[in-house]
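In: Need the 3D shape of this:
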Amino acid sequence: MTRRARLDSMTTWKRPAPSSNVFSATPRWSRRAFLLSAAAVALSSCQSILEQTYQPTVSPSANPQIVDEVQKNDPRAAMGAREHPRIVASYGGEYKDAKTERLVARIAGALTAVSENPSQSYRITILNSPAINAFALPGGYLYVTRGLLALANDASEVAAVLSHEMGHVTANHGIERQKREEAEVIASRVVAEVLSSDVAGKQALARGKLRLAAFSRQQELQADVIGVRMLGEAGYDPYAAARFLDSMGAYSRFMSADPEADQSLDFLSSHPNSAQRIELAREHARAFGQEGTVGDTGHGYYLDGIDGLLYGDSPEEGYVRGQTFLHGGLGIRFDVPPDFTIDNKVEAVMATGPGDVAIRFDGVADSGNQSLTNYISSGWVTGLDPSTIRPITLNGMEAATARASADRWDFDVTVIRNNSQIFRFLTAVPKGNATLEQTADVLRASFRRMTPQEAATLKPLRVRVVTVRPGENITTLAARMMGTDRKLDLFKLINALPTGASVSPGDRVKIISE
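Out: Coordinates of the predicted model:
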């Protein structure tokens with residue numbers, strides 16, 4: 001179990017008061033909400049429906065054939081419509097940007113014309129999530145995250161993702177998958193009733209959703225073949241599928257460099273990205289012609305469409321900047337000790353550090369205005385030592401602290417009242433670890449209200465498309481990256497630059513900056 005998972009699973013952190021989440025007023029407070037399966041261009045070896053020579057007859061369309069609502073009186077559409085609001089909510093809502101929406105609609109429109117069922121209407125939703133995901137629901141509901149759009153480097157790569165998902169829709173894979181839902185619902189109810197932690201229950205529910213969204217291998221192979229045919233016939237570069245599989249492999253390696261990263265809900269957990277699958281994707285593409293000689297990548301208009309795309313955390317989620325978490329909307333900020341890593345998760349802000357030390361931060365509404373010493377002992381923390389409860393003041397705010405123990409862990413619990421909100425820190429260390437007080441002191445000393453001026457200066461990170469100037473190289477361009485301490489690695493990743501690659505004046509590349 002990773003250190004991040006420990007604070008999620010410990011029974012010490014019990015169920016918050018019902019309907020008391022202070023962050024419920026915002027669309028989403030943190031990222032990685034219910035990461036459903038991203039059935040992203042996992043291509044197979046079956047070529048039974050592929051001819052040996054294809055002459056693409058359809059160019060990418062500027063007039064997409066999509067609609068705001070899927071077909072009426074269609075039971076498949078009803079199924080998708082029922083789940084659509086839940087998915088949108090769990091991903092923090094739709095990402096609204098007219099330029100990016102037109103880009104995705106243009107790509108989807110070209111694919112619809114050459115799909116297995118051209119009369120099928122699609123509802124394409126860009127989800128406001130930095131996760132790299134894409135998936136489909138019955139009835140023509142297609143989803144792609146802004147995180148995936150940031151990773152892709154041209155229109156043909158996004159077309160490869162969408163064509164695969166359209167293949168699932170036209171083959172009615174969602175209907176077949178739905179048969180498993182009843183068993184998952186029963187299992188989810190058991191989780192919700194047995195586990196004392198809402199957090200643990202939500203995580204179990206999320207994993208159930210992942211299992212429902214994951215298609216069988218046979219379904220994936222069928223969608224692979226359908227998708228690659230659509231990709232080529234729509235006039236896109238058929239080798240884009242293999243390229244994007246390469247990019248996803250690089251993304252996996254980038255993420256795995258963090259041994260604490262929880263990828264259990266990521267698309268890579270259900271779509272192995274082996275070298276064999278990449279080669280099979282290239283085999284399918286060869287039916288259209290030699291690499292570099294067929295199809296349109298749409299590189300230029302794609303970069304135009306994602307220039308300015310929101311990257312990473314959105315303003316509603318708060319921002320992580322090094323060892324600091326800042327939330328302009330809530331008007332608060334705090335620091336974690338050096339060598340700690342902050343992860344802005346769906347249920348809380350988590351931080352992990354050396355020696356299996358972990359921190360959890362969340363908030364609830366202060367509806368009863370009870371004393372904090374009474375609140376801290378009101379039953380939401382098990383293993384609490386009542387003799388350790390004491391009131392304190394932190395940077396002008398009323399607060400209280402206490403100690404608790406459970407199994408092999410010692411905890412510091414700190415709660416802080418700010419207007420009508422109670423913010424909560426839980427610091428966990430292995431039993432007997434002398435760093436508990438030191439770590440909790442850093443949190444308490446740094447937690448404060450932000451000034452209006454500070455909140456106004458907070459800006460989200462965005463994808464910026466820049467033109468390489470004479471004298472610039474990969475190193476100098478990567479130095480302009482923000483929001484990461486692995487600037488060169490991330491620059492190469494989002495621009496699909498392999499080891500030894502170079503850039504030339506006039507090239508257009510992506511960087512991450514404010």
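
In: going forward, measure contacts between C-alpha atoms and count neighbours the same way
Out: Fine.

In: if I look at the residue nearest to N128 when sequence neighbours are not counted, how far off is L231?
Out: Closest residue in space to N128, ignoring its immediate chain neighbours: Y95 at 4.5 Å, by CA to CA, 6 or more residues apart in numbering. Applying CA to CA, to the nearest Å, the value for Y95 to L231 is 25 Å.

In: what does D307 give?
Out: 24 Å.

In: more neighbours, the two?
Out: Neighbours were counted for D307 and for L231 using other CA atoms under 10 Å; L231 has more, 31 against 18.

In: And that one, how far from E101?
Out: Taken as CA to CA, the span from L231 to E101 is 20 Å.

In: tell me the SS of V466?
Out: Here V466 is recorded as strand under DSSP: H, G, I helix; E, B strand; the rest coil.

In: doesn't P505 make contact with it?
Out: No. Under the criterion of CA atoms under 8 Å, V466 makes no contact with P505, lying 10.8 Å away.

In: So for these two, which residue has more residues nearby?
Out: Taking other CA under 10 Å, V466 and P505 do not tie; V466 has more neighbours (15 against 12).

In: quick one: average pLDDT of stretch 81-95?
Out: Averaged across stretch 81-95, the pLDDT comes to 82.

In: err, stretch 299-314, not the other one
Out: The average of the pLDDT scores along stretch 299-314 is 93.

In: first vs last residue of stretch 382-401, how far apart are they?
Out: Start and end residues of stretch 382-401 are separated by 14 Å (CA to CA).

In: How about residues contacting that stretch?
Out: Stretch 382-401 is contacted from outside by 11-14, 372-373, 376-377, 402-406, 412-418, 444-445, 447-448, using CA atoms under 8 Å, 6 or more residues apart in numbering.

In: likewise stretch 500-508?
Out: When contacts are defined by CA under 8 Å, 6+ apart, stretch 500-508 is touched by residues V465, V466, T467, V468, R469, P470, G471, E472, N473, I474.

In: again, only using 10 Å
Out: 299-300, 303, 465-475, 477, 492, 495, 497, 509 (CA atoms under 10 Å, 6 or more residues apart in numbering).

In: Can you give me the first-to-last residue distance of that stretch?
Out: Stretch 500-508 has its terminal residues 18 Å apart, counting by CA to CA.

In: mind listing what's buried in that stretch?
Out: R508 (16 or more other CA atoms under 10 Å).

In: quick one: which of the contacts of stretch 500-508 sit in helices?
Out: In helices, defined here by DSSP state H, the members of the contacts of stretch 500-508 are H299, G300, L303, I474, T475, L477, K492.

In: Now do the same contact list for the third one.
Out: Put plainly, it is L303. With CA under 10 Å, 6+ apart, L303 has these contacts: 100, 103, 150, 152-155, 463-466, 508-510.

In: Could you measure from it over to L372?
Out: Distance from L303 to L372, by CA to CA: 52 Å.

In: And for the first one?
Out: Here the distance between H299 and L372 works out to 57 Å (CA to CA).

In: Comparing those two, which shows the higher neighbour count?
Out: When H299 and L372 are compared for neighbours, L372 comes out ahead with 23 against 16, by other CA under 10 Å.

In: pretty sure the more buried one contacts Q421?
Out: No. Assessed by CA atoms under 10 Å, L372 is found out of contact with Q421, at 11.4 Å.

In: Give the intersection of the neighbour lists for the two.
Out: With CA under 10 Å, 6+ apart as the test, L372 and Q421 both reach D366.

In: and T373, what element?
Out: Assessed by DSSP states H and E, T373 sits inside helix 372-376.

In: Residues touching that helix, excluding its own?
Out: Contacts of helix 372-376 (CA under 10 Å, 6+ apart): 366, 368-369, 378, 384, 386, 389-392, 398-402, 413-417, 422, 424.

In: Give me the mean pLDDT for that helix.
Out: What helix 372-376 shows for mean pLDDT is 92.

In: mind listing what's buried in that helix?
Out: L372, T373, Y375, I376.

In: Quickly note the distance from the last one to V468.
Out: Distance of I376 to V468, computed by CA to CA: 56 Å.

In: Name the nearest residue to I511, sequence neighbours excluded.
Out: Computed as CA to CA, 6+ apart, the closest residue to I511 that is not its neighbour in sequence is R464, at 5.3 Å.

In: Pretty sure that neighbour sits against I494.
Out: No. Counting by CA under 10 Å, R464 does not reach I494; the two are 11.3 Å apart.

In: overlap in contacts of those two?
Out: Both R464 and I494 are in contact with V509, K510, I511, I512, where contact means CA under 10 Å, 6+ apart.
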